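Novice: sequence and predicted structure, then a few things I'm wondering about:
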Amino acid sequence: MRGADETSGSLFSYVDIEARIPARHPLRLIRRVVNDALASLDAEFEALYAPEGRPSIPPERLIRASPLQILFSVRSERQLMEQMDYNLVFRWFVGLGIDDAVWGL
């Protein structure tokens with residue numbers, strides 16, 4: 001079962017992660033391009049996952065994490081997950097909220 005790629009917003013958090021990322025940050029453009037590409041792949045992702053079962057990590061989030069690992073020279077997936085645990089830019093880029101748990105930790 002494919003996990004939902006939804007952002008929870010700031011239901012219980014006083015920090016708006018979108019406001020914390022500068023408007024001119026170079027990752028904003030990259031994120032827009034990646035999100036457009038992922039939107040065009042939505043039907044393909046839907047066809048790959050069973051309608052029932054345990055929800056997976058959303059494939060969109062996994063794919064968004066890959067450019068971060070490359071651009072920031074993160075040596076391993078484990079280090080990427082650790083970075084994502086405390087780096088607001090990484091969380092924002094992947095689509096995690098402030099209080100969302102990072103998969104793999």
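Specialist: Yes, it's here.

Novice: same question for the host helix or strand of Ala37: list its buried residues.
Specialist: Taking DSSP states H and E as the definition, Ala37 sits inside helix 26-40. Burial within helix 26-40, assessed by neighbour count using 16 or more other CB atoms under 10 Å, is assigned to 27, 31, 34, 38. (Each C-beta comes from the backbone N, C-alpha and C, glycine too.)

Novice: name the residues that touch the helix or strand that that helix is followed by?
Specialist: Later in the chain than helix 26-40, the nearest helix or strand by DSSP H and E is helix 42-48. Helix 42-48 is touched from outside by 2, 59-60, with contacts defined as CB atoms under 8 Å, 6 or more residues apart in numbering.

Novice: out of the residues you listed, who has the most neighbours?
Specialist: Ranked by neighbour count (other CB atoms under 10 Å), these have Glu60 at the top, with 22 neighbours.

Novice: I'd like the next helix or strand past the one helix or strand that one maps to.
Specialist: Using DSSP H and E, Glu60 falls within helix 59-71. Helices and strands here follow DSSP H and E; after helix 59-71, the next one along the chain is helix 77-86.

Novice: how much space between the residue positioned nearest the centre of the chain and Pro51?
Specialist: In the chain, the centroid-proximal residue (CA atoms, centre = their mean) is Val94; its distance is 1.8 Å. Separation of Val94 from Pro51 (CB to CB, to the nearest Å): 25 Å.

Novice: quick revisit: distance to Ser76 and pLDDT added to the buried residues of helix 26-40, as TSV?
Specialist: Below are those laid out as TSV (distance: CB to CB, whole Å; pLDDT from 0 to 100):
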residue	distance to Ser76	pLDDT
Leu27	21	96
Arg31	23	97
Val34	21	97
Leu38	24	96
